[in-house]
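Engineer: Predicted model, plus sequence, below.
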Amino acid sequence: MELSTEKAYCGARQMFFLLVLASAVCAGLHTVADSDMGWHLATGRYVIQHHAIPRTDVLSYTSPGKPWAYPPFAGVLLYLTYRAFGYAGLSWFCALACLAVVAYLVWRRDIGSAVLAMLAIQSIAARTAPRADLFSTVFFVIFLGELWAYQRGMRTRLWLLPVLMFLWVNLHPGFVAGLGAIGAYLLIEMTDLLFAGRRAAALRRLRRIWPWLAACGVVTFLNPWGPKIYGSAATLSGLAAPCQGGLNSGTFIGEYMAVPISTHLLYQLIDLRHMENGFTWLLLVAVVLVALFLWKRQPGAAVVVAVALYAGLAHARYMGLFVIVVVTFGSTLFDELFSAGATPESDHASPSVIRVPYGTAALLSFVLCAMALLHVVDFVSSRTYVVFNSDWRFGGGLSSWFPARAAAFIQREQLPGNIYEEYALGGYAAWSLGPEYPDFIDGRGDRLRPDLVVEQRKLYIEDPDSRLWEEEADRWNFNAVLVSTAGFRSLQKMNPSAFCRSASWRPVYMDEVSLVFVRNLPQNRPWIDRLQIDCNTQPLAAPASASRPALYDFYLDSGALFFTLHRDRESEESLRRASRLYPEDPNAPLLLAALYQRQQRLHDAEQEYRAALALNDSAYAWYSLGRLYASEGRNSDAVRAIERAADLSVDPLDMYMALGSLQIAQNHASQSLAAYAKAENSSPFRNGGESLAPELYAQIAEGRSEAHRLLGHWAEAIAYQQEATRRTPLVMERWNRLARLYEATGQMGLAAEARERAAALQGSNTPR
């Protein structure tokens, strides 16, 4: 009986290993959708065509000649892959990278490493996108694994470390993670020196390894920039502090943002099909590992895991490195604690603490196989992406969100002047339209031209006929605008409907994911007369013989575009079709809810928001529902919904601002002050960049002023209102409010002065 259960366990374990590797391939094999992919490819193309390494910006017309230090050879490899195999080749390149990382993690073939690796797959797949960061993920797992194996007395290949470091420093600034792995190893050895029983072994290991570690440090200087690469690495990795007076990338770029901690994580623990289920479990495993390492008197390893846990929560871009640390350290420790049966593997010098009978181990292995198979099915069917990441689909090729047809149209028609596109689209524009059309801004913009990032954020909310748009178009000579509308992009960035109505811009191209506008100038009339379209009637045709995911993308994207253009009937029809193709899709109900809310069908809108939340508990859905409640005067319900949204969001600034106003409306002054404090802490303009967003900080100051007024704190109320007028001195109503505060405290002379300032602005062409 024991022999049969042992065979069942061995068979189930082998099956589980294969399913974990299959899951890694399926998770990595998805359409290429990364917004930074384009400028990597464009850089690789430049190096191949010019046989030179760019040391200044060569991709943007807004920052030519700006110093730029970034290893270009990752872009070269990606470009050569594209040249040979197209976008499908890039997808497979990423899938193989994901497989390589997971395979390395499970190479010892113990069940603990396989279980932890299965939990890490989605986080690893997210960091093996077609960009230079992919190589840091691959090299880090080998670097850390070899050092950890050596420290544990296992067979290792130390000669590999300097070889990898030489490649790493010339592929991605993330080579500093390799130096971090060396630091982690040295910390562990230093703490072992504190224990008499481990001291001699630690000294022997250090004497043997130090030449290889020294070689790793030396080869980092073998790059085109020499030691200057360290400054670039610190800046690009987010380790360097933001420039004073500049934009804080840590709260602007998604991958620098913190992972929100909330009770929502408990739901992710039990939802096996949630995209972040594995990452959430590894957060819990990391806490357990810290405790176990301390219990086993290994403080160095405990500190390393704790630091990795902090980094993974503080910046989303380090989630991949975090899960690699947990799997590498955790698999060894769990293997020491657990074993199945009384196998020879368990009869070593340090026997396992807990032995699981073969029958139980076999049953658990079959359960794990079912979990891994479920993940494979969800990846292959694109269910994971439809619910949690609308930019990705299973398989090879280019993501549908990229405006490939619009880019081809621009090149075919040779539109005049430069092209304007928003931040996330710039990388693809540099690749698909360059070098004939350099990009306006791309994913490097926060380092090359942070002032331009701020200007662009202002353009998003300005009318296309405004003076700011006219000045920027004149300044940079852009005569065409490329707008991406896929999914929710048209609701979050530039408003296509405003451009369609504009007198300064004329629409000349439209498909379900993009529009192109040409500036309405006399010299551009030949293009406008020949190409102009009507946004209200331009038809969109579904692709013929398209797959189910492709049809879903078309109907969802066209529904979003029709909504933006106020073509409500067509929008509702398209979104209903998208829902029928994927009933588990939360995006179509969200857009339908917005449509019904605009039509004042408030009950229907609430039902659709609730339907979307039942499918995916997202910050956007809760925030939208909260705004619906606020519009109905249901302030208490609105506060609860928006608080939930803020807990889930990686960018909760607008939510905290809304909470501040709602709490004031309910006369909850203390809660309002807390909300405004959180809004200030989540601002991308803090730490010296406040002057870049005067209106935001004026609103925060004015909200605090009103909260203090409600509390009877008149001195604080006046001080904050003074701050609001100081930040926005041309806003008349803020001077009037300051005057009322002065009058309420009997300061009539100051009140009169404030009234005079307001009167001077009366009738002038200033914001109110």
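Structural biologist: Nice, thanks for sending it over.
Engineer: From what I see, Ala619 and Ala641 are in contact.
Structural biologist: No. Using C-beta atoms under 8 Å as the test, Ala619 is too far from Ala641 to be in contact (10.5 Å). Heads up, the C-betas are built off the backbone N, CA and C, glycines and all.
Engineer: out of these two, which sits in the busier spot?
Structural biologist: Ala641 (24 against 21; other C-beta atoms under 10 Å).
Engineer: in which helix or strand would I find that one?
Structural biologist: In this structure, Ala641 sits in helix 635-648 according to DSSP states H and E.
Engineer: Contacts for that helix, please.
Structural biologist: 260, 262-264, 617-623, 625-627, 629-630, 652, 655-656, 658-659, 662-663, 665-666, 678 (C-beta atoms under 8 Å, 6 or more residues apart in numbering).
Engineer: Give me the below-cutoff pLDDT ranges for the chain.
Structural biologist: In the predicted model, the chain carries pLDDT under 70 at residues 1-3, 109, 237-256, 335-356, 763-768.
Engineer: so where do the strands sit in it?
Structural biologist: 338-340, 354-356, 418-420, 478-484, 505-511, 514-519 (DSSP state E).
Engineer: Can you tell me which of those is packed in deepest?
Structural biologist: When you average the neighbours per residue for each of the strands of the chain (mean count of other C-beta atoms under 10 Å), strand 514-519 leads with a mean of 26.
Engineer: who does it touch, helix- and strand-wise?
Structural biologist: On a contact count with 3 or more C-beta pairs under 8 Å, 6 or more residues apart in numbering; DSSP states H and E, strand 514-519 meets helix 404-413, strand 478-484, helix 496-501, strand 505-511, helix 525-531.
Engineer: other SSEs contacting the shortest one?
Structural biologist: Contacts of helix 496-501 with other secondary structure elements, assessed using 3+ C-beta pairs under 8 Å, 6+ apart, are made with strand 478-484, strand 505-511, strand 514-519, helix 548-564.
Engineer: Same check on the last one?
Structural biologist: Counting contacts by 3+ C-beta pairs under 8 Å, 6+ apart, helix 525-531 packs against strand 505-511, strand 514-519.
Engineer: hmm, try it at 7 Å
Structural biologist: strand 505-511 (3 or more C-beta pairs under 7 Å, 6 or more residues apart in numbering; DSSP states H and E).
Engineer: Columns distance to Leu761 on top of the strands of the chain, output as CSV?
Structural biologist: Putting the strands of the chain into CSV (distance: least, C-beta to C-beta, whole Å) gives the following:
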stretch, distance to Leu761
strand 338-340, 73
strand 354-356, 75
strand 418-420, 32
strand 478-484, 33
strand 505-511, 31
strand 514-519, 32
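Engineer: right, so of these, which gets closest to Tyr552?
Structural biologist: Closest approach to Tyr552 among the strands of the chain is made by strand 505-511 (16.1 Å; C-beta to C-beta).
Engineer: what sits up against the closest one?
Structural biologist: 405-406, 409, 464, 481, 499-500, 515-520, 527-528, 531-533, 535, 538, 540 (C-beta atoms under 7 Å, 6 or more residues apart in numbering).
Engineer: can you check stretch 166-186 too?
Structural biologist: Contacts of stretch 166-186 (C-beta under 7 Å, 6+ apart): 70-71, 73-74, 132-133, 135-136, 139-140, 143-144, 147, 151, 165, 213, 216, 219-220, 222-223, 229, 232-233, 236-237, 304, 321.
Engineer: those helices in the stretch 51-200 of the chain, which residues are they?
Structural biologist: 73-105, 111-126, 133-151, 160-169, 175-192, 196-219 (DSSP state H, counting those that start in this stretch).
Engineer: Mind checking those helices for the one nearest to Asp439?
Structural biologist: With C-beta to C-beta as the criterion, Asp439 lies closest to helix 73-105 of the helices of the stretch 51-200 of the chain, at 15.0 Å.
Engineer: Any of the contacts of strand 505-511 buried? List them.
Structural biologist: Buried subset of these (neighbour count, 16 or more other C-beta atoms under 10 Å): 406, 409, 464, 481, 499-500, 515-520, 527-528, 531, 533, 535, 538, 540.
Engineer: contacting residues for Val138?
Structural biologist: Contact partners of Val138, counting by C-beta under 7 Å, 6+ apart, are 97, 100-101.
Engineer: And those residues, which is closest to Ala544?
Structural biologist: Using C-beta to C-beta, these come closest to Ala544 at Ala97, 34.0 Å.
Engineer: Identify the residue spatially nearest to that closest one, adjacent ones excluded.
Structural biologist: The shortest distance from Ala97 to any non-neighbouring residue, by C-beta to C-beta, 6 or more residues apart in numbering, is to Thr128 (4.3 Å).
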